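Asker: My questions are about this predicted structure, shown below with the sequence.
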Amino acid sequence: MSEASPRGFRTFDSGRRRFLAAMTLSPILSTIAGESRGLAAGREAARPARLAFTSQGKTGLVDADGAGLRYLDFDKPGQATWQVGATFPDGRRILLLSMEPRRDGPGRPFEEYYTQTPTHLWIHDLQTGSLEEICTRERLAPFTTPALLLGEDRLLVQVVRDKVGQIFSVRLDGTDAREFTRAGEGLPYGLSLSPDARRVAYHLASPEGYQVWTSDVDGTHRVRIAARPGHLYFGTSWSPDGRWILYVDCLSGEDPGHDWADVCIGRADGGESRVLTTGQAMWFAATYGDPKTRGGGSNVPAWTRDGSILFPRRLPDSRVAWEYQPSRPDVDHFNRDYKPELARGGAEIVRIDPRDGRVVALTSSRPPVWDFRASESPDGRHVAFCRAKTGGVPEIWVMNADGSDPRPITRGINDLGADHPRWL
């Protein structure tokens, strides 16, 4: 996947198809984890571990044991969807993104109209219930989404103007905008913050392909971690010691649907890179549901506190039910046909130790299902993940860190699916 010339997201076909992940759930719910690692485990030890997730356009909260399920409901007319963008270091406040009804649809192509959808950013206090809109002053564009929380007073935001994506650093009120990337050099997303809060990692959907970079928090002193023709490098997160960047490598020329990828790490100083898996072993482009409940979004691997990595490993000879159609134009950022008769296999959550390559499977199922989006709780005791049967909607599950005692937590509103779990 890649990005855009200065006139639009058109340089590579794959850029159009992964663009939705860039604009919505992937950077916001999957790869903004770096700034909140370990944020409140010590300060609120008495509180059960909690998860945020999405269901039917709403944000839900639930304890790791399944108790305390509720959905955030705000009296803000005209907002179609809500999702968590980040957690503040105090563990009490969360950054939310809301979107008005999408401007794309029949006769309105995704790449032209989606980013005409107005968005809004908010800070919600989970204890007091207060909700405050931010980034309202000197707003750069109607479509502005959170990319990375840098601290108490600054935020990286993704802005799209005339179909050209760019990252800016702004104060929380929206003022003092500073360029983090330049218009036309590519769309950066999948941003993560180093443990010392001094460096940012991201992938750049450039005219030369998808590349992984690091930089200072102001965008300067860039270091290229991974870039190679024919390879789609995607998603970033920092190891707990700040020495390695985790990302994936999809052979996009051989896999136009981006279903599979390998797990990689690269030295944060650019000095070394390793491919930890073989044969495109990771389930990359999650797709689930039937024609009435279809959904998805990019999977990314995740670090554990002890420096291991969680990812959804493809079972041998697995094939998804949603077949990508490369021969026709992609006008809806999905471009797949539902063919459950061709589907087989599934995916399991595994832990790989990058130091010695040892792999331990944490989930299993008979018949096989599709397990994905695994992440470890801040205290290291639990792992949350999604599970979906072929043609079914995802459920959120929680298990102990060693894979024992897996249990379903929620199927979402009216059992219509729950996705993108993240620890608070």
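Answerer: Perfect, I can see it now. No experiment lies behind these values; they were computed from the predicted model shown. Residues are numbered from 1 along each chain as shown.
Asker: can you list the weak-confidence ranges in the protein?
Answerer: Applying pLDDT under 70 to the chain picks out residues 1-47.
Asker: now do 90
Answerer: The chain contains residues with pLDDT under 90 at 1-48, 89-91, 105-113, 161-165, 184, 186-188, 206-208, 329-333.
Asker: quick one: the spatially closest residue to residue 216 that is not a sequence neighbour and residue 242, what's the gap?
Answerer: Leaving aside its sequence neighbours, residue 216 sits nearest to residue 199 (Cβ to Cβ, 6 or more residues apart in numbering; 6.3 Å). Yep, even glycine has a C-beta here, placed from its N, CA and C like the rest. Distance, residue 199 to residue 242, by Cβ to Cβ, to the nearest Å: 8 Å.
Asker: what do these two both touch?
Answerer: residue 268 (Cβ atoms under 8 Å, 6 or more residues apart in numbering).
Asker: Have a look at these two and say which one is more surrounded.
Answerer: Between residue 199 and residue 242, counted using other Cβ atoms under 10 Å, residue 199 has the larger neighbour count: 20 against 14.
Asker: where do the helices sit along the stretch 51-200 of the chain?
Answerer: Secondary structure of the stretch 51-200 of the chain (DSSP state H, counting those that start in this stretch): helices at 110-113.
Asker: count of residues packed around the residue nearest to residue 295 when sequence neighbours are not counted?
Answerer: Among residues not flanking residue 295 along the chain, residue 289 sits closest, at 5.3 Å (Cβ to Cβ, 6+ apart). Neighbour count of residue 289, defined by other Cβ under 10 Å: 21.
Asker: got the contact list for the residue nearest to residue 216?
Answerer: Here residue 199 is in contact with 193, 214-217, 242, 268 (Cβ under 8 Å, 6+ apart).
Asker: ChimeraX command for the buried members of those residues?
Answerer: Paste this into ChimeraX to select the buried members of the contacts of residue 199, with burial taken from 16 or more other Cβ atoms under 10 Å:
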select :193,214,215,217,268
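Asker: ok, so of the contacts of residue 199, who is nearest residue 138?
Answerer: Using Cβ to Cβ, residue 217 comes nearest to residue 138 of those, at 20.2 Å.
Asker: correct me, but the closest one touches residue 202?
Answerer: No: using Cβ atoms under 8 Å, residue 217 and residue 202 do not qualify as a contacting pair, with a distance of 11.5 Å.
Asker: one step back: ok, the residue nearest to residue 216 to residue 49 distance?
Answerer: 28 Å.
Asker: what about residue 344, distance to residue 112?
Answerer: Using Cβ to Cβ, residue 344 is found at 37 Å from residue 112.
Asker: again, but for residue 149
Answerer: From residue 149 across to residue 112, the span is 30 Å (Cβ to Cβ).
Asker: who has more neighbours, those two?
Answerer: More neighbours surround residue 149 than the other of residue 149 and residue 112, with 22 against 14 (other Cβ under 10 Å).
Asker: Bridged to that one, which residues?
Answerer: Beta-bridge pairing for residue 149 (DSSP bridges): residue 155.
Asker: That one touches residue 86, doesn't it?
Answerer: Yes: contact criterion Cβ under 8 Å: residue 149 and residue 86 qualify, at 4.0 Å.
Asker: Could I get the contacting residues of the residue nearest to residue 295?
Answerer: Counting by Cβ under 8 Å, 6+ apart, residue 289 makes contact with 295, 388, 391-393, 417.
Asker: Give the burial count for the closest residue to residue 414 other than its chain neighbours, as a bare number.
Answerer: Among residues not flanking residue 414 along the chain, residue 56 sits closest, at 7.5 Å (Cβ to Cβ, 6+ apart). Residues lying near residue 56 (other Cβ under 10 Å) number 13.
Asker: before we move on, what about residue 300?
Answerer: 28.
Asker: Just read off the phi/psi values of residue 341.
Answerer: Main-chain torsions, residue 341, degrees, to the nearest 10: phi -70, psi -20.
Asker: I'd like the distance between it and residue 326.
Answerer: Per Cβ to Cβ, residue 341 is found 20 Å from residue 326.
Asker: More neighbours: these two, which one.
Answerer: residue 326 (12 against 7).
Asker: which residue packs closest to the more buried one, ignoring adjacent ones?
Answerer: Using Cβ to Cβ, 6+ apart and skipping residues adjacent in sequence, the residue nearest residue 326 is residue 256, 4.3 Å away.
Asker: same question, residue 231
Answerer: Residue 231 sits nearest to residue 249 (Cβ to Cβ, 6+ apart), 5.3 Å away.
Asker: ranges for the strands of the stretch 301-424 of the chain?
Answerer: 302-303, 309-314, 322-324, 336-338, 347-352, 359-361, 370-376, 382-388, 395-400, 407-410, 419-423 (DSSP state E, counting those that start in this stretch).
Asker: out of these, nearest to residue 71?
Answerer: strand 407-410 (10.3 Å).
Asker: Can you get me the centre-to-centre distance for stretch 116-129 and its chain?
Answerer: Distance, stretch centre to chain centre, for stretch 116-129: 19 Å (Cα atoms, centre = their mean, to the nearest Å).
Asker: Dump it to PDB, keeping only the CA atoms.
Answerer: Taking C-alpha atoms only, stretch 116-129 is exported to PDB below (Å, rounded to 0.1, in the frame of the first residue of the first chain):
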ATOM      1  CA  GLN A 116     -14.800  15.500   3.400                       C
ATOM      2  CA  THR A 117     -16.400  14.000   6.500                       C
ATOM      3  CA  PRO A 118     -16.100  16.400   9.500                       C
ATOM      4  CA  THR A 119     -14.500  15.000  12.600                       C
ATOM      5  CA  HIS A 120     -14.300  16.200  16.200                       C
ATOM      6  CA  LEU A 121     -11.800  15.500  19.000                       C
ATOM      7  CA  TRP A 122     -12.700  15.300  22.700                       C
ATOM      8  CA  ILE A 123     -11.300  14.700  26.200                       C
ATOM      9  CA  HIS A 124     -13.500  12.600  28.400                       C
ATOM     10  CA  ASP A 125     -12.900  12.100  32.100                       C
ATOM     11  CA  LEU A 126     -14.000   8.600  33.100                       C
ATOM     12  CA  GLN A 127     -14.400   9.600  36.700                       C
ATOM     13  CA  THR A 128     -16.300  12.800  36.500                       C
ATOM     14  CA  GLY A 129     -18.100  12.100  33.100                       C
END
